[in-house]
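[1] Sequence isn't available, so here's the structure alone:
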């Protein structure tokens, strides 16, 4: 089963392409997200760079993060959708 969060990160990439520089000016941070499907399962990591250039989102941990979030997939979806 693929993570629902992966779909969200993929949808965010085009937004960064057009609005990333604006987000970088405001946020100025790099985040690592460790997302597990279920408690006890191996997480998948993403790097959301809102510190450099136009920003970027990449699978895996790239560079040093200013903050790391470890979440279950459903909780991450709720967080990104404003429910959590």
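    The structure has been received and is ready for your questions. Note that the structure is a prediction, hence the values are computed from the model and not measured. Numbers count the residues shown, from 1 in each chain.
[2] tell me the mean pLDDT over the longest helix along the chain?
    Longest helix in the chain by number of residues (criterion: DSSP state H): helix 4-27. Mean per-residue pLDDT for helix 4-27: 94.
[3] now for that helix, which elements pack on it?
    Helix 4-27 sits against strand 44-50, strand 56-59, helix 73-80, with contacts defined as 3 or more Cβ pairs under 8 Å, 6 or more residues apart in numbering; DSSP states H and E. All C-beta spots, glycine's among them, are computed from the backbone N, C-alpha and C.
[4] Buried residues, it. List them.
    5, 8, 9, 12, 16, 20, 23, 24 (16 or more other Cβ atoms under 10 Å).
[5] Could you figure out how far it is turned away from strand 44-50?
    In terms of direction (axes from the mean of the first three to the mean of the last three Cα atoms, to 10 degrees), helix 4-27 departs from strand 44-50 by 20 degrees.
[6] Spatially nearest residue to the residue positioned nearest the centre of the chain, not counting backbone neighbours?
    Taking Cα atoms, centre = their mean, the centroid of the chain lies closest to residue 48, which sits 4.8 Å from it. In space, and not counting its chain neighbours, residue 48 is closest to residue 31: 4.6 Å by Cβ to Cβ, 6 or more residues apart in numbering.
[7] For that neighbour, grab phi and psi.
    Backbone torsions of residue 31, given as degrees, to the nearest 10, read phi -120, psi 140.
[8] hang on, isn't it packed against residue 45?
    No. If you go by Cβ atoms under 8 Å, residue 31 and residue 45 don't touch, sitting 10.6 Å apart.
[9] quick one: common contacting residues for those two?
    Between them, residue 31 and residue 45 share no contacting residue under Cβ atoms under 8 Å, 6 or more residues apart in numbering.
[10] gap between the residue nearest to residue 78 when sequence neighbours are not counted and residue 77?
    Nearest in space to residue 78, with sequence neighbours left out and distances taken as Cβ to Cβ, 6+ apart, is residue 84 at 3.9 Å. From residue 84 across to residue 77, the span is 9 Å (Cβ to Cβ, to the nearest Å).
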